[in-house]
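**Student:** Below: sequence and its predicted model.
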Amino acid sequence: MATKKYGKYKLLKWLGGIVAVLILVVGSTALYFSAKWKPLLTEKIKDGVYKGSQKLYRIDFRDIRLNLITGSAVLDSVTLTPDTAVFNQLKELKLAPTNLFQIKLARLQLSRIGVLTAYFKKRITMNSIIMEQPSINVIHYKVLKKTDTVADKGSLYDQISKSLKSIHVKTIKIIDADFDYINGATLKPINSVKHLNINVNDLLVDSLSQFDTTRFYYTKDINFELTGYRSTGKDKMYAIKIDTVAGSVRNKAIRIKGLQMIPLYPDLTFTRKYKYGKDRYDLKFNEIAFNGVDFTKLSSEGNLYARNLSIGPAKAGIFVNRELPAPPNLDKAQNFPHIALKRLPIQTIIDSVKLSNIDVAYTEYNPIAQKRGTVYFQNLSGNILNITNDSLQLVKDNHAIAKLTALVMKTSRIDITLNFNLTDKNAAFSYKGNVGPMDMVALNPMVKNMGLVEIESGQMQGTDFDIQANVKGASGVVHFYYKNLKIKLLKEGENGGIGQKKGFLSFLANSLLIEDANPSKGAAPRKARVIFERTPAASFFNLLWKGVFIGMRETVGLGVVPVKTPEEAMEKIKDKKQERREKREARRKERAERKKADL
């Protein structure tokens with residue numbers, strides 16, 4: 001019995017010894033080959049990047065650690081640098097890429113590398129490439145491309161095929177990257193983001209993958225995610241926040257969630273920090289989604305082509321302080337939507353834009369009444385077709401059509417169709433639509449503070465309009481149907497604000513000027529023909545609203561009372577501010593004289 005146990009222990013001892021020797025041999029061999037292959041692999045990597053990029057890029061690193069047992073490698077202090085001299089040569093030949101890359105990272109990890117397969121079969125295979133917290137600069141250039149492909153040096157596979165049969169990487173991960181998108185002409189950042197994650201799935205470069213139409217730059221998918229983006233604008237007036245930006249090349253989609261543009265000061269404080277009038281925006285978008293994005297054109301040409309864009313739910317607050325003058329020589333026509341579209345820095349084609357459940361509050365501060373008046377548009381929804389500044393697309397179709405609907409002042413529905421001529425030199429557009437029934441008393445929060453007028457009674461039965469406009473002005477027809485209209489004119493308060501009713505003037509207005517109904521009893525409905533000239537200080541919204549507003553005034557009977565232009569309104573505000581300054585100065589002198597007399 002003892003002999004058997006001794007024999008058993010002896011066998012285990014021998015087996016343990018053999019295993020230990022094998023581990024020692026394998027480990028020693030791995031260490032030997034790791035040390036031997038280290039300079040060889042270093043040379044292969046540097047040479048491969050240099051030649052594979054047509055001598056455009058060089059890769060450098062401080063050290064490489066290779067483990068043949070696990071098939072892993074780690075590169076320390078890695079930099080990828082473009083050769084600008086080579087880039088300029090390629091530009092002359094019209095073969096330069098649109099983007100140059102500069103990359104720095106502390107560590108590059110490669111796992112499950114088939115070292116023997118690479119050495120003997122000329123096939124590179126690995127499970128993953130991981131880059132943690134890299135700094136990535138993408139420098140974008142406008143470069144000319146050859147119209148023919150005779151001088152094309154071939155695909156990426158053609159370039160590597162002399163030394164390799166294939167490259168296959170299952171996953172490439174870029175984790176928590178700092179990303180800067182830079183204008184190559186000025187070398188100034190166009191956009192900068194932090195905490196960017198990118199996943200590249202199934203990179204395969206071989207003789208067949210180059211013809212696989214399901215792949216994007218030899219990959220099955222590239223998806224990215226940016227989380228918790230926070231930024232303060234250059235002028236320190238807004239905070240920009242984004243919860244997430246995510247996209248997928250395979251799904252041709254980009255999703256932006258929780259985008260906010262937050263003013264850093266209250267409304268009047270904000271506007272008074274500027275010498276001239278500047279609108280204040282308070283924006284919150286729950287979701288913005290691009291679908292059908294052409295990532296190939298976006299990457300190679302820097303152009304945005306998308307099948308559709310969806311916006312909403314969202315809230316938008318716009319504040320305008322009328323006490324401040326417009327910047328000198330400024331024509332607000334430059335901010336008309338179809339003129340601003342031309343100024344986009346990239347060529348854009350978006351087949352359709354869908355707006356849904358957007359609440360808009362437009363507020364003006366009246367410095368004479370020293371009050372705010374607000375117009376509310378709730379649940380703004382609709383579609384806009386053919387958003388583009390692309391010259392070829394404009395030849396096919398040079399009109400953008402918007403069909404929108406919203407709830408006005410929480411009581412009445414407005415439906416409007418806008419037709420923008422995207423190529424007209426005077427930015428021509430037309431708009432037509434209708435407003436549903438409304439108790440006009442609901443307009444008082446706006447008209448009392450903006451115009452020192454109060455509606456005592458009035459039922460709007462409907463309004464329709466058909467107006468043609470451009471940067472010079474507008475003309476068209478307005479039908480305004482209503483009954484039982486009565487108003488009262490308000491005085492300005494002693495120190496601003498709203499005072500008492502102007503009794504006699506209100507009586508005259510209601511008795512002599514204002515028609516209390518349309519149609520009047522026993523008469524045909526009246527219609528207003530609108531025509532007016534736009535001044536440089538008039539915005540797109542001002543032009544849009546003014547066309548309908550003048551038609552309503554004409555119908556009511558106030559056409560004999562001229563409508564002030566923005567410039568004339570500003571002159572009145574200047575006069576009123578001067579008058580108030582003089583009154584304050586007079587009061588100060590009076591107090592000083594009383595104090596002196598008391599002494």
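**Tutor:** Happy to help now that I have it. Numbers count the residues shown, from 1 in each chain.

**Student:** Break down the stretch 251-400 of the chain into its strands, ranges please.
**Tutor:** Secondary structure of the stretch 251-400 of the chain (DSSP state E, counting those that start in this stretch): strands located at 253-263, 280-291, 304-311, 314-321, 348-366, 371-388, 399-408.

**Student:** any chance of the ones you listed in JSON lines, with mean pLDDT and distance to residue 52 too?
**Tutor:** Backbone N, C-alpha and C define where each C-beta goes, glycine included. JSON lines is the format used below for the strands of the stretch 251-400 of the chain (pLDDT from 0 to 100; distance: least, Cβ to Cβ, whole Å):
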{"stretch": "strand 253-263", "mean pLDDT": "96", "distance to residue 52": "30"}
{"stretch": "strand 280-291", "mean pLDDT": "96", "distance to residue 52": "32"}
{"stretch": "strand 304-311", "mean pLDDT": "96", "distance to residue 52": "29"}
{"stretch": "strand 314-321", "mean pLDDT": "92", "distance to residue 52": "46"}
{"stretch": "strand 348-366", "mean pLDDT": "93", "distance to residue 52": "33"}
{"stretch": "strand 371-388", "mean pLDDT": "92", "distance to residue 52": "37"}
{"stretch": "strand 399-408", "mean pLDDT": "96", "distance to residue 52": "44"}
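
**Student:** and those as JSON lines, adding distance to residue 172 and mean neighbour count?
**Tutor:** Formatted as JSON lines, the strands of the stretch 251-400 of the chain follow (distance: least, Cβ to Cβ, whole Å; neighbours: other Cβ atoms under 10 Å):
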{"stretch": "strand 253-263", "distance to residue 172": "20", "mean neighbour count": "17"}
{"stretch": "strand 280-291", "distance to residue 172": "24", "mean neighbour count": "17"}
{"stretch": "strand 304-311", "distance to residue 172": "25", "mean neighbour count": "19"}
{"stretch": "strand 314-321", "distance to residue 172": "35", "mean neighbour count": "19"}
{"stretch": "strand 348-366", "distance to residue 172": "30", "mean neighbour count": "18"}
{"stretch": "strand 371-388", "distance to residue 172": "34", "mean neighbour count": "18"}
{"stretch": "strand 399-408", "distance to residue 172": "40", "mean neighbour count": "17"}
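
**Student:** Redo those as TSV? Include distance to residue 545.
**Tutor:** Conversion of the strands of the stretch 251-400 of the chain to TSV gives the following (distance: least, Cβ to Cβ, whole Å):
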stretch	distance to residue 545
strand 253-263	24
strand 280-291	18
strand 304-311	22
strand 314-321	12
strand 348-366	9
strand 371-388	8
strand 399-408	11
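
**Student:** Select, out of these, the one closest to residue 548.
**Tutor:** strand 399-408 (11.2 Å; Cβ to Cβ).

**Student:** Between strand 371-388 and the next helix or strand after that closest one, find me the angle.
**Tutor:** Using DSSP states H and E, the helix or strand that follows strand 399-408 in sequence is strand 412-421. Put simply, strand 412-421 runs at 40 degrees to strand 371-388, going by axes from the mean of the first three to the mean of the last three Cα atoms, to 10 degrees.

**Student:** Provide the strand pairings for strand 412-421, with the direction of each partner.
**Tutor:** Paired with strand 412-421 in the same sheet, following DSSP bridges, are strand 399-408 (antiparallel), strand 429-435 (antiparallel).

**Student:** What residues of that strand count as buried?
**Tutor:** 412, 414, 416, 418, 420, 421 (16 or more other Cβ atoms under 10 Å).

**Student:** from the middle of its chain, how far away would that strand be?
**Tutor:** Distance of strand 412-421 from the chain centroid (Cα atoms, centre = their mean, to the nearest Å) equals 23 Å.

**Student:** And stretch 401-420, by the same measure?
**Tutor:** Taking mean C-alpha positions (Cα atoms, centre = their mean), stretch 401-420 and its chain are 23 Å apart.

**Student:** what does that stretch rub up against?
**Tutor:** 337-338, 355, 360, 375-386, 399-400, 429-439, 442-443, 445-446, 460 (Cβ atoms under 8 Å, 6 or more residues apart in numbering).

**Student:** Endpoints of it, how far apart?
**Tutor:** One end of stretch 401-420 sits 6 Å from the other (Cα to Cα, to the nearest Å).

**Student:** Next, format the strands paired with strand 412-421 as CSV and append distance to residue 162.
**Tutor:** Shown next, in CSV, are these (distance: least, Cβ to Cβ, whole Å):
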stretch, distance to residue 162
strand 399-408, 51
strand 429-435, 59
